[in-house]
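A.B. asks: structural data only, the sequence is not supplied:
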Ligand SMILES: [Zn+2]
């Protein structure tokens, strides 16, 4: 049971495991009904997310010219004191930026420090309980999934991000 | 602003684009924006659950990114860096909007009690109905857990990158994503594996 980890199955699907780890996880999933079942769900989830991302219509509000205008305003504005102040400025900036759109140019970049840190916290990935899973028909599903992928002409288990990059 | 050299294209590598953007090349920043803004917007829309607010928050994310280009250490991780900024923007927006409580999530030690059906191949196709249910099910997750799950299954971040974006330990990331998955499956179980009404 200690080998039943969703994150490992997930890493297997994402192609993130070293060859020997991939072989180990794959071999385990072959004989473990719970992992086989989880893999089927994971393929499904990835497939859904890929399709969802692909179907997302373009947002007219995400035009670069609007951003440029906003950047111009941001660069003219005095340095924000705290985030709290900045938040209230969002919508205001948006309006100002649209008005200033004609006069935009990029200027040099200011470089405050940023980045994110990794905090502390403990948690364990909980293995799922086999008895709670219904495991019939898994093999048939995975074979059929490949057939369906061929039919729709898309890799349904690819990461949406990778799929979009490939586009 | 003077453009130097050849204009960047969509096929340019992230490192090269980033370097050019850091020198103040607007065309390079534009490519970065056009390449990443759809994912940033989708992430923010999924967190905020409001398209107009996601528009605003996406713009704000890139304004901040522009001013912090020099702070990005790992030049190959522009995407996860932007999503990290987006998450901060989201958290501030949530505070500003006075949203403190997440909808019905299961912090009361909820285990998967439902028997999960085995998905059938037909379930792979996300029709409109299922897409709506998926959005609804995602919305039921605690926002932080939802963010972690989406960073993994929608945005393809490595667990270590998610730990960095969320400010969590690696075990916590794995645990939260696992719980989010179980919860999501439970929400969708009735519509999967031939169980659709
Ligand atoms: Zn197993």
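C.D. replies: Good, I have the coordinates. Just so it is clear, the structure is predicted and the values come from calculations on it, not from any experiment.
A.B. asks: ok, residue B:75 - contacts?
C.D. replies: Contact analysis of residue B:75 by CB atoms under 8 Å, 6 or more residues apart in numbering or on different chains lists B:14, B:15, B:18, B:19. Glycine gets a C-beta too; all of them are placed from N, C-alpha and C.
A.B. asks: just checking, the second one touches residue B:76?
C.D. replies: Right, residue B:15. Yes: contact status for residue B:15 versus residue B:76: in contact at 6.7 Å, counting by CB atoms under 8 Å.
A.B. asks: quick one: which of the contacts of residue B:75 has the most company?
C.D. replies: Neighbour counts for those (other CB atoms under 10 Å in any protein chain shown) peak at residue B:18, which has 21 neighbours.
A.B. asks: check for me that it belongs to a helix.
C.D. replies: Yes: the assignment for residue B:18 (DSSP: H, G, I helix; E, B strand; the rest coil) places it in a helix.
A.B. asks: tell me the SS of the nearest residue to it once chain neighbours are set aside?
C.D. replies: Using CB to CB, 6 or more residues apart in numbering or on different chains and skipping residues adjacent in sequence, the residue nearest residue B:18 is residue B:75, 5.2 Å away. What three-state DSSP gives for residue B:75 is coil.
A.B. asks: for residue B:75, what are phi and psi?
C.D. replies: Here is the backbone geometry of residue B:75 (degrees, to the nearest 10): phi -70, psi -10.
A.B. asks: re the thing from before, tell me which two of the contacts of residue B:75 sit farthest apart.
C.D. replies: B:14 and B:19 (9.7 Å; CB to CB).
A.B. asks: check residue B:43 and give its pLDDT.
C.D. replies: With respect to pLDDT, residue B:43 has a value of 97.
A.B. asks: no wait, residue A:69
C.D. replies: For residue A:69, the pLDDT comes out at 87.
A.B. asks: low-scoring pLDDT stretches of chain B, where are they?
C.D. replies: In the predicted model, chain B carries pLDDT under 70 at residues B:1-7, B:9-12, B:99-114, B:194-197.
A.B. asks: what residues are up against the residue nearest in space to the middle of chain B?
C.D. replies: Centrality entry for chain B: nearest residue to the mean C-alpha point is residue B:43, 3.5 Å, by CA atoms, centre = their mean. Residues counted as contacts of residue B:43 (CB under 8 Å, 6+ apart) are B:83, B:86, B:87, B:147, B:150, B:151, B:154, B:155.
A.B. asks: again, only this time at 6 Å
C.D. replies: Residues in contact with residue B:43 (CB atoms under 6 Å, 6 or more residues apart in numbering or on different chains) are B:83, B:86.
A.B. asks: if I look at it, how far off is residue A:57?
C.D. replies: For residue B:43, the distance to residue A:57 equals 16 Å [CB to CB, to the nearest Å].
A.B. asks: and residue B:50, by the same measure?
C.D. replies: In this view, residue B:50 and residue A:57 are 16 Å apart by CB to CB.
A.B. asks: ok, those two, which is more surrounded?
C.D. replies: Using other CB under 10 Å as the criterion, residue B:50 and residue A:57 rank with residue B:50 on top: 14 against 6.
A.B. asks: would you mind pulling up the elements that the helix or strand hosting residue A:72 packs against?
C.D. replies: Per DSSP states H and E: residue A:72 is located in helix A:64-76. In terms of contacts (3 or more CB pairs under 6 Å, 6 or more residues apart in numbering or on different chains; DSSP states H and E), helix A:64-76 is packed against helix A:83-99, helix B:51-67.
A.B. asks: now the first one: average pLDDT?
C.D. replies: Think helix A:83-99. Across helix A:83-99, pLDDT averages out at 49.
A.B. asks: spell out which parts of chain A neighbour the ion.
C.D. replies: By CB under 5 Å from the ion, the residues of chain A that approach the ion are A:4, A:32, A:34, A:35.
A.B. asks: sec struct for the first one, please.
C.D. replies: So the one you mean is residue A:4. Criterion first, three-state DSSP; result for residue A:4: coil.
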